[in-house]
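Asks: here is my input, please return the structure:
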Amino acid sequence: MRSTLRALAVGALLFTGTALHAAPAEAAAMRPPGGGEACTYSVSADGMTGTGICKNIGNHTIEVSFTIVCGWSPDLSSGWMALAPGESDGARGTCGGTGVGSIVAHVRDL
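Replies: The predicted model follows:
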């Protein structure tokens with residue numbers, strides 16, 4: 001009985017370790033804004049609406065998306081937007097409940 005439990009524990013540990021290292025290729029390419037992007041974030045005076053804008057100041061096309069983290073309400077996420085060098089784009093969303101907690105930009109290189 002003890003050896004069976006030990007074998008199950010080792011198997012679960014190995015499975016868990018393997019699962020933690022598996023990640024989709026899309027997630028691996030995603031990164032926070034760096035030196036090639038100029039991103040700004042703002043929250044309305046009432047704290048309910050958040051806006052994120054990024055400008056591509058680099059020399060290659062990127063994609064950007066935004067997540068507006070809402071307090072007690074579901075978070076808001078934009079789709080991916082392609083930005084050629086010199087272009088800018090953004091997203092705006094209104095949270096319910098306690099309002100905007102934070103705004104996060106995600107970037108991936110194309």
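
Asks: C-alpha only now, for contacts and for neighbours.
Replies: Fine.

Asks: wait, Ala105 touches Thr51, no?
Replies: No. Counting by Cα atoms under 8 Å, Ala105 stays clear of Thr51, with 10.5 Å between them.

Asks: what are the ranges of the helices in this structure?
Replies: 2-21, 25-29 (DSSP state H).

Asks: of these, which shows the lowest average pLDDT?
Replies: Per-stretch mean pLDDT for the helices of the chain is lowest at helix 2-21 (a mean of 38).

Asks: which residues of the chain fall in strands?
Replies: Using DSSP state E, the strands of the chain run over residues 30-31, 37-43, 49-56, 62-70, 76-77, 81-83, 88-94, 100-109.

Asks: now render those strands as JSON lines, adding mean neighbour count and mean pLDDT.
Replies: What follows is the strands of the chain, written out as JSON lines (neighbours: other Cα atoms under 10 Å; pLDDT from 0 to 100):
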{"stretch": "strand 30-31", "mean neighbour count": "14", "mean pLDDT": "86"}
{"stretch": "strand 37-43", "mean neighbour count": "16", "mean pLDDT": "97"}
{"stretch": "strand 49-56", "mean neighbour count": "21", "mean pLDDT": "98"}
{"stretch": "strand 62-70", "mean neighbour count": "23", "mean pLDDT": "97"}
{"stretch": "strand 76-77", "mean neighbour count": "18", "mean pLDDT": "98"}
{"stretch": "strand 81-83", "mean neighbour count": "18", "mean pLDDT": "97"}
{"stretch": "strand 88-94", "mean neighbour count": "19", "mean pLDDT": "98"}
{"stretch": "strand 100-109", "mean neighbour count": "19", "mean pLDDT": "96"}
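
Asks: what's opposite Thr40 in the beta bridge?
Replies: Ile53 (DSSP bridges).

Asks: who touches it in this structure?
Replies: With contacts defined as Cα atoms under 8 Å, 6 or more residues apart in numbering, Thr40 is in contact with 52-54.

Asks: right, I'll leave it there.
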